[in-house]
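Enquirer: Coordinates only, no sequence provided:
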């Protein structure tokens, strides 16, 4: 395996799958003594251009973010459409889904990780950038999300 695949070691985000974003975000808010963030839907499919396991997907999710200094906690409540979020929540239940890193050169990083046996699982666009979930679970025991901001 190659080394220094991402060009960064700074974890930007931890993503956690939940069944009830309202309840869980309130629990986190109470635990940390902060205001409960408002959740929002991911962009619709025509804007997000979501691809899951190589096919277009209508998948969306409710997201809530807690900024914890240099790290962000992301709570994710997926809809029923095919996605890595739905698959993981159905298979494994609630809990950690991914760790995310802000990178430069999305296409190159995806290619490099795939060459190292870590295939692309899901990708899409968001306002201000793009994301890709890489199937690093076999090696790292968690998925890695790549985030590239414009």
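Expert: All right, it came through fine. Computed from a predicted model, the values in this text were never measured in an experiment.
Enquirer: hey, where'd the strands end up in the chain?
Expert: All strands of the chain, identified by DSSP state E, fall at 13-17, 40-41, 51-52, 55-56, 61-68, 71-78, 95-102, 120-126, 129-134, 143-149.
Enquirer: Can you list the strands that the second one pairs with?
Expert: To tie it back to what came earlier, the one meant is strand 40-41. strand 61-68 (antiparallel) (DSSP bridges).
Enquirer: Over to the first one?
Expert: Its sheet considered, strand 13-17 pairs with strand 71-78 (parallel), strand 95-102 (antiparallel) by DSSP bridges.
Enquirer: can you tell me the distance between the two ends of stretch 56-70?
Expert: In stretch 56-70, first residue to last residue: 33 Å (Cα to Cα, to the nearest Å).
Enquirer: Return the set of buried residues in that stretch.
Expert: 57, 59, 60, 61, 62, 63, 64, 66 (16 or more other Cβ atoms under 10 Å). For glycine as for every other residue, the C-beta is placed from the backbone atoms N, C-alpha and C.
Enquirer: how much distance is there from stretch 35-50 to the middle of the chain?
Expert: Chain-centre distance of stretch 35-50: 12 Å, with Cα atoms, centre = their mean, to the nearest Å.
Enquirer: for it, how far is the first residue from the last?
Expert: 31 Å.
Enquirer: Show the pLDDT at the closest residue in space to residue 116 that isn't next to it in sequence.
Expert: Counting by Cβ to Cβ, 6 or more residues apart in numbering, residue 1 is the residue found nearest to residue 116 once chain neighbours are left out, at 5.1 Å. The score at residue 1 is 76. That number is its pLDDT.
Enquirer: Nice, that's everything, thank you.
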